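[1] Provide a 3D model corresponding to the input given below.
(2 chains)
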Amino acid sequence: MKSVELHIRLTRGLVKGFAFFLFFALSLSSYSQEVDEARHKEGRKIYKSQCASCHKLDRKLVGPALGNVEQRRENTWLKAWIRNNAEFRATGDKDAIAIYEEYNGAAMSAFPQLTDQNIDDILYYTTIGEIKKKVVADEAGVANVQSTSNAPGWLIYILAAAIVVAFLMIASLLKQVNELKGNTAVKQGANLKQDLSELWEGVKKNTFLKVLATILLILIGIYIFFGTLFKVGVDQGYQPIQPIVFSHKIHSGDNKIDCQYCHSSAKHSKHSGIPSVNVCMNCHMNIAEVAETTVVELEDGVVLGKEELDKEIAKIYDASGWDVDNLEYTGVEKPIKWVRIHNLADFVYFNHSQHVTVGGLECQTCHGPVEEMEEMYQYSSLTMGWCINCHRETKVDLKGNEYYAKIHEQLAKKYGVEKVTAAQLGGLECGKCHY
Amino acid sequence: MASNKKYWKSVEELKDSPIVETLSKNEFVEDISTESFLGDKETLENSSTTRRDFLKYVGFTTAAASLAACEGPVVKSIPYVVKPDDIIAGVADWYATSIADGFDFANVLVKTREGRPIQIMPNKEANGTTSARVQAAVLSLYDEQLRLKEPTKGGEAISWSDADKEIAAKLNELKEANKSVVLLSGTMASPSTDKIIAEFLVANPNAKHVIYDAVSEDAAADAFKAMYGKRALPNYKLQNAEAIVSFGADFLGDFHGGFEKNYVAGRKSETGKMSYHVQVESNMSLTGANSDKRVVAKPSDVVFALINLYNQITGASVSSNATPIDGEIKKLASVLKKAGSKGVVMTGINDVNAQLISLAINKALNSEILDPNTSLNIRQGNFKEVQALVSDMKSGKIGGLLTLNIDPSYSLPNASEFTEALNKVDLKVALSVENNETVNAMEYVLPASHFLESWGDTHFSEGNYGLVQPTIQPLFKTRQIQDTLLKLTGNSTSYYDYLKSFWSTNVLNGASWNKALHNGFFTKSSSTSTEQLADVSIADAASLLKKNTKASAMELNLYIKTGLGDGKQANNPWLQELPDPITRASWDNYLTMSLADAKVLGFSNPVKDNGAINGDFAKVSVNGKEVTVPVLIQPGQAKGSVGLAVGFGKTFGLKEEMQVGVNAYPLYTNANNIQYGVSIEKVSGTHKFACTQVQKTIAGRHDILKVASLKEVTSSADPKHSWNKPAFVSYDHQEVEAKSIDLWDEHNREVGHHFNLSIDLTSCTGCGACVVACHAENNVPVVGKNEVRIGRDMHWLRIDRYYSSEVETREEAKEMGLSGGDLYKVLETEAENPEVTFQPMMCQHCNHAPCETVCPVAATTHGRQGQNQMTYNRCVGTRYCANNCPYRVRRFNWFKYNNNDEFDFNMNNEYGKMVLNPDVVVRSRGVMEKCSMCIQMTQATILKAKKEGRAVKTDEFETACSSACTTGSLVFGDVNNKEDKVAALAEDKKAYHVLDYLQTKPNVVYQVKVKNTNEA
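    Prediction:
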């Protein structure tokens, strides 16, 4: 029920259509050429393990861009440089010294272990570049076009039930009326209109039916009214559009980054902490673009490909003031304004470290399968009933924590259980969370 | 002794006042305010809002509210771009620093959250103490109203570099013209700043440094210089004292600050050793209220009594006058002689001769208590030099004036003269944290950083150094005073580097800077012993003193309030709302007057129907100056004397709500706190006091307090049958001990923690630091003068003050056969010098809590750890709990006190809100609140232990009030941990529960107040 810009379903069709078109166009434009795949694969392998931390194909990183480097330098020159550039420079090669000075004397490591074949493979790879896979614009996104209704599920059931009941009632009444008239389903079609008006007259005169209908309406009304009221302030499923399309699936699911690498305060503090931009930059200083095949499929069916996702990464650079061309911080910082998803009321005190560090809970227990979420949403209801339930049911494993040693023994004896629950430890007291 | 004493709270109770009678039966006066509207038929009928309109409004607002509630707000979270390593959102960082604002000096710890200082606590390792003012200083940091935000020239903004350039050029001009330049500062007690100023004076030989303190101690400093050759204030080691005799020295309330810890350390009955403290004074001061014996005398008699004591002790016969208290002085002389080197005399008379006599008495006693070696380097102001400066300015001799964070245009007795003379000064520069009258009159205004944003060092007493470090980035475009001075001297080093190198060469002696910075203090043993130098002629001093003491029919004793002090923090709502410990009045200063004088002069303090008191105005004239102030009748005020607090009546730039009281500085002629030849005239008008004095009567429950004498406590008699009798109740027609019967089932208290708070009434001086600490920790709102007046103050913790005397109630006096005029006379005499007892009162966290039983929605419940928990989101505001609470500690949110222009205090502006504690919710309108026993702090302590996988350490639990209490009166802990101090205290023979006959079984336990009545 938030007034934030949520995904608007009306525009989805258009966006999807556009995405489809884009994909199609892209797949057409992706060229193919004759490639020695084995060589390319070998070169790519070595490149990724030895070179990629400092070099990119198409842009400067720590060292210069290596795409088509063979067109710029002699093969022998390159081999000499790669094997041991310091030695090579000592020979007084002007180009070598020039490039050394261009990068402010940042020496490249020596790779004496690389054979000529290895280096040639690498160079082959730098010439060919990444082979773009043909993208078939079918599976991703478009196939999954399906519209889901906005209305809550229970409402549909009720309406359906009401319609069925009404239909049955009408049908039985019709039958009765027909039977009373002595008709035996002969001129059914012709008399339907007349029958219906007669039926309506009958219904109008039948007090019992009126009362029944009124009661039914009131009950439905109450049910809807309370159902709505209980939903007020409960934002389960809240999934606002964030300033950066950040996919937890890619980071935590595909790349298996630990939750607490970014949300590092969760183990120390009441807040899990939204990572500061410098944490992003730990990795993204070197990861300016996603792989060709990476796609992020948003909840509303929009599929973001490499082009869009690279723009999202660029937003981090913008925020942190990272100058991609000169590889330095400009000092112009623009903090990112994330939209907070999990909002507890002011009068609730919740502490992450109590649950994460002391209780040893997995983040997923409350936040759901974050590693599968392309877009983060509120998984749990975060209502008090939800908290209390967990406190009632969770047996607390306190082994190895000296704080609990005495109190657990006493409580276990008092309640006659082996393992006490959080509730038995006092986790249901109002003052534990409200102050 | 404890049982036959009766306690009272106001002079009104002594009279046959029907209102007091009503109030004593009707606890809640608050409901009257609704009646005043609804009960008044005329108002109701004349109201422009008809009943129909009213219903329309109600309907509309309800509908609007429910519609608005359906849409939750969108919350943005903005993380750092580069997160500092030591900041974890949600985890507090503590920094050790010091405060030295020219009036208050203390080593403190500052709690910061997400880079915002939110609380100041004493640095107990450094022997630091905090007063209410020091505690509240954190709010002054966020004073958006008064803080200067950028450098200005003639009211127009100017860049720092331009200002530096222009001022330096002008200083140069003045140097070449050899026109004198004066640096006018308050006491900074900072050795590195002293050096910077010295360098400034070297660079500008035409410059001079004058120190000015609004509240002057220069008589004491001059006397100390005459005796010991160093301009400083004497230090007293009161913890070793056997007899303390103070002549008007309010060393607990003000004096030089920081004595209460040692004072209380020397008054522990459990060791059997307790100093005997006699206070000779005219105003009822905080120190007098704490004394074992209070001798009341008008100021001139106090002076003569001091000389008489000198004569008695030394056997000399220097000239003096006889006083009505000579008999007492004789006794005091013998007490002091008996105590010998363990005796000490202090005086607060701001006259160099009186100070000399006091030093001479200590010398005659061979007092070890007065320690000249650790003299205090605070309150260095030199009033004579300031006056010379003003006359030089008037005669046009001063070419340039730089004021460093002071406001002489407000606080000088001849302030208007000073402000006028400013016109004759060419270069006028104000370096100031806050805007004020002086700043307003200057050409260049250079905003200085608050001490919480600054680097610095302190040297409060010989050998005790402290460091000041920033706890927040400067909020505005400010620069430290030291940096500005360095710039003007032409020194390009930053003050931080300067300070570091100064310390490594002059202070640290090879010790680690980082460690000193971490600790916030550094102790250096000083080998210099200050020997007495000159032999000062006391006979001359006495005759001069006698000459200066122009005894008159009415004399004025100016004093300092614990709340506002010298008035520097007048825009601080916490301090304004802090009730005066003695009069219990907040948001005001007033003329304190004895009951007898008030009767003669026709003043009274009628109690109005809502329980608040009113006062008449008096025109006070002295030395040709006049002020008009309301009168408050003060029991214990000496006949023929009146008292008036300075520090009020500040108006410049202050919020309208804060512009309260009357400026008494114009009466502070010659910086002397005692003024003779005062005339008082009643003038028309009625003043409304915001006084929490009568509102909460004790409803005849007189055994709230228990006081015993040292002799009783140390005797072998069973306290249960003598001075700490348990309550008895009638059960089955038999008197049985109250605790043997109970209405409720016993809780099981064995498992886990069980918190108790012990309050030692002997150690509580009533200073009020805990009250402000509670405000800061628990986001207690400020409600303003009008709300306090009608009894809606929100203090979770209040310090009740009870007067007591041997004959107190009318009934008792009638029993003694007194009636009519005699009766009144007896009571009146008793009111001349009552005993005073302070009792901090907060939620008692009853194990059998009456409030819990009556809550219809179970919003207040009992925790296993002993805390009575208040769940705000569950509360529907029936106020049944408050009605059923025998301790009257529950506070109701009559209004929304945040984001409400009607309550324009710190919770109504973006800066002021930065002081809020993020761990405690800001309460909404219509809910009850009260002391939570700092459950957020106990929970945090437990969580810390859990995270570290250990048991909670001994005495690790703290509450805000117990950490703020420097005298150790408030002790908090877990009684289930037998090692905790509080476990023993809860079982102590002095321990008792307030109203124990109700069997509420509180978790707050009081210790009987012990007085050393010096019975041999």
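[2] ok now do the residue nearest to the spatial centre of chain B, which residues does it touch?
    With distances taken as C-alpha atoms, centre = their mean, B:T562 lies nearest the centre of chain B, 3.1 Å away. Going by C-beta atoms under 8 Å, 6 or more residues apart in numbering or on different chains, B:T562 touches B:S131, B:A132, B:R133, B:G253, B:D254, B:L286, B:L578, B:D580, B:P581, B:C767, B:G768. Placement of C-beta: from N, CA and C, glycine included.
[3] wait, doesn't the fourth one sit right on B:L286?
    Read it as B:G253. Yes: the criterion here is C-beta atoms under 8 Å, and B:G253 meets it with B:L286 at 3.5 Å.
[4] which residues do these two both contact?
    Counting by C-beta under 8 Å, 6+ apart, the residues touching both B:G253 and B:L286 are B:T562, B:P581, B:C767.
[5] so what's the second one closest to, chain neighbours aside?
    Here the nearest residue to B:P581 in space, its sequence neighbours aside, is B:G766; by C-beta to C-beta, 6 or more residues apart in numbering or on different chains that works out to 4.1 Å.
[6] I'd assumed the one you found was in a helix, is it?
    No: B:G766: not assigned to a helix; according to DSSP: H, G, I helix; E, B strand; the rest coil it is coil.
[7] got the residues of the stretch 201-350 of chain A near chain B?
    A:232-233, A:235, A:240, A:265, A:268-271, A:273-279, A:319-321, A:333-340, A:343, A:345-349 (C-beta under 8 Å from any C-beta of the partner chain).
[8] out of those, which are buried?
    A:235, A:240, A:265, A:268-271, A:273-279, A:319-321, A:333, A:336, A:338-339, A:343, A:347, A:349 (16 or more other C-beta atoms under 10 Å in any protein chain shown).
[9] and the gap between the nearest residue to B:S269 once chain neighbours are set aside and chain A?
    Spatially, and ignoring its direct neighbours in sequence, B:S269 is nearest to B:V1010 (4.1 Å; C-beta to C-beta, 6+ apart). Separation of B:V1010 from chain A (C-beta to the nearest C-beta, to the nearest Å) stands at 35 Å.
[10] now do the contacts for the residue of chain B found nearest chain A.
    Proximity of chain B to chain A (C-beta to the nearest C-beta) peaks at B:Q869, 3.0 Å away. Applying C-beta under 8 Å, 6+ apart to B:Q869 gives the contacts A:E429, A:C430, A:G431, A:H434, A:Y435, B:T860, B:T861, B:H862, B:G863, B:S932, B:I935.
[11] helix, strand or coil: sort out it for me.
    Assignment for B:Q869 (three-state DSSP): strand.
[12] neighbours around the spatially closest residue to B:T714 that is not a sequence neighbour, how many?
    Leaving out its chain neighbours, the residue that sits closest to B:T714 by C-beta to C-beta, 6+ apart is B:G272, at 5.4 Å. By other C-beta atoms under 10 Å in any protein chain shown, 9 other residues sit near B:G272.
[13] ok, now A:M108?
    18.
[14] wait, what's in contact with the nearest residue to it once chain neighbours are set aside?
    The shortest distance from A:M108 to any residue other than its chain neighbours is 5.2 Å, reached at A:N85 (C-beta to C-beta, 6+ apart). By C-beta under 8 Å, 6+ apart, A:N85 lies in contact with A:A96, A:Y100, A:A107, A:M108, A:A110.
[15] closest to B:V889 out of those residues?
    Minimum distance to B:V889 across those is 72.6 Å, recorded for A:A107 (C-beta to C-beta).
[16] which residues are in contact with the closest one?
    A:N85, A:A86, A:Y100.
[17] ok, B:M794 next?
    Neighbours of B:M794 in contact, by C-beta under 8 Å, 6+ apart: B:V780, B:P781, B:V782, B:V783, B:R891, B:N893, B:Y897, B:E929.
[18] the closest residue to A:Y238 other than its chain neighbours: how many residues sit nearby?
    Distances taken as C-beta to C-beta, 6+ apart place A:Q378 nearest to A:Y238, at 4.4 Å, with adjacent residues excluded. Using other C-beta under 10 Å, A:Q378 is surrounded by 19 other residues.
[19] B:E260 too?
    For B:E260, the neighbour count with other C-beta under 10 Å is 27.
[20] who are the packing partners of the helix or strand A:Y403 falls within?
    For A:Y403, the element it lies in under DSSP states H and E is helix A:402-415. Helices and strands touching helix A:402-415, as assessed by 3 or more C-beta pairs under 8 Å, 6 or more residues apart in numbering or on different chains; DSSP states H and E, comprise helix B:935-948.
[21] strands - which of the residues of the stretch 201-350 of chain A next to chain B land there?
    Counting by DSSP state E, the part of those found in strands is A:W338, A:V339.
[22] quick check: mean pLDDT across stretch B:51-63?
    In this model, stretch B:51-63 has an average pLDDT of 82.
[23] centre of the chain to it, how far?
    Stretch B:51-63 sits 46 Å away from the centroid of its parent chain (C-alpha atoms, centre = their mean, to the nearest Å).
[24] give me the contact list for it.
    B:T49.
[25] only C-alpha atoms, please: export it in PDB.
    This file holds the C-alpha atoms of stretch B:51-63, laid out as PDB (Å, rounded to 0.1, in the frame of the first residue of the first chain):
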ATOM      1  CA  ARG B  51     -21.800  21.100  19.200                       C
ATOM      2  CA  ARG B  52     -22.800  20.300  15.700                       C
ATOM      3  CA  ASP B  53     -19.600  21.800  14.300                       C
ATOM      4  CA  PHE B  54     -17.600  19.900  16.900                       C
ATOM      5  CA  LEU B  55     -19.100  16.700  15.800                       C
ATOM      6  CA  LYS B  56     -18.400  17.500  12.200                       C
ATOM      7  CA  TYR B  57     -14.800  18.200  13.000                       C
ATOM      8  CA  VAL B  58     -14.500  14.900  14.900                       C
ATOM      9  CA  GLY B  59     -16.100  13.000  12.100                       C
ATOM     10  CA  PHE B  60     -13.900  14.600   9.500                       C
ATOM     11  CA  THR B  61     -10.700  14.200  11.400                       C
ATOM     12  CA  THR B  62     -11.400  10.600  12.200                       C
ATOM     13  CA  ALA B  63     -12.100   9.800   8.600                       C
END
